[in-house]
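> Any chance you can model this:
(one chain, ligands or ions: 1)
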Amino acid sequence: MRKQIAAANWKMNLTYQQGEALLDAILKENIQLADHQHAVFAVPFPYLIMAQTKLSARKNYAAAAQNCSDQPAGAYTGEVSAEMLRSININYCVLGHSERREYFSEHNQSLAVKTERCLELGITPIFCCGESLSIREVDAQESFVEAQLKESLFHFSNDEISKIVIAYEPIWAIGTGKTATAEQAQEMHACIRRLLKGKYGQQVADSIPILYGGSVKAGNAKELFGSPDVDGGLVGGASLVAADFIKIIQALK
Ligand code: PEP
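Just a heads-up that it's a prediction; the model follows:
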């Protein structure tokens with residue numbers, strides 16, 4: 001079975017102590033993950049070592065960075081390189097979250113480079129894509145997401161693309177409480193898989209996990225993850241509450 005992933009995105013929330021307590025509360029639940037199930041926690045940079053130390057003691061639990069630089073090293077004050085993440089054994093990095101695209105001017109070309117940096121170092125990129133409300137209103141979501149994937153990812157080889165996780169996150173559903181319906185999510189995930197198939201063939205397309213993000217909650221995760229092309233979720237708000245994220249992990253196929 002394809003990898004199924006419950007990925008928490010803490011964004012810029014929680015103190016170190018609150019983050020540690022949240023992880024402890026989730027781990028205390030002792031959820032045993034099957035071989036194909038993974039729980040990933042994208043935490044702020046200063047918490048990565050703490051999170052990775054706690055999580056790596058459990059099967060298929062891991063910490064993730066929320067971003068990395070498109071530069072390998074050098075005079076880029078405030079930046080964190082993929083190599084730095086690798087040096088502390090971080091295996092996942094979220095890239096191209098819509099908040100980074102909007103507030104930090106990230107674009108498809110620089111995200112192509114960031115994705116390359118991660119792949120070179122054996123870090124799995126969780127590559128985010130998704131349309132705004134104005135694009136959805138004119139029914140242009142498929143061509144918009146297609147351009148994001150083509151411009152950032154479609155220069156990779158079969159082998160490289162097989163190491164990427166995609167997160168479809170309609171911007172109108174992020175942090176708004178307005179979740180896409182299971183049908184809307186499945187429709188876009190099927191579209192993304194069709195695009196992958198067109199470029200890389202059926203076998204590669206079938207192997208790539210596509211996560212849904214946008215107001216995933218304890219109460220809707222099971223239904224969303226139940227769709228055939230939805231392989232788990234990237235979760236903001238609900239990942240900050242232990243009881244909620246526990247239910248979201250348990251909702252994985
Ligand atoms: C996110 O941060 O990627 C996200 C989907 O947030 P929320 O779950 O709060 O909508």
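> Show the contacting residues for residue 73.
Contact analysis of residue 73 by CB atoms under 8 Å, 6 or more residues apart in numbering lists 81, 83. Quick note: C-beta positions are derived from backbone N, CA and C, even for glycine.
> Please give the element, helix or strand, for it.
Following DSSP states H and E, one finds residue 73 outside all helices and strands.
> what's the distance between it and residue 168?
Distance, residue 73 to residue 168, by CB to CB, to the nearest Å: 32 Å.
> Need the CA coordinates for stretch 239-252. CSV is fine.
Provided in CSV are the C-alpha atoms of stretch 239-252 (Å, rounded to 0.1, in the frame of the first residue of the first chain):
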residue,chain,number,x,y,z
SER,A,239,-2.3,19.4,15.1
LEU,A,240,-1.9,21.8,18.1
VAL,A,241,-4.4,19.8,20.3
ALA,A,242,-3.1,16.4,21.4
ALA,A,243,-6.6,14.7,21.5
ASP,A,244,-7.4,16.0,18.0
PHE,A,245,-4.2,15.0,16.3
ILE,A,246,-4.3,11.6,18.0
LYS,A,247,-7.7,11.0,16.3
ILE,A,248,-6.3,12.3,13.0
ILE,A,249,-3.4,9.8,13.2
GLN,A,250,-5.9,7.1,14.0
ALA,A,251,-7.9,8.1,10.9
LEU,A,252,-5.1,7.0,8.5
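> quick one: contacts of that stretch?
4-6, 8-10, 13-14, 22, 25-26, 29, 31, 33, 37, 39, 41, 216-218, 221-222, 225, 232-233, 235, 238.
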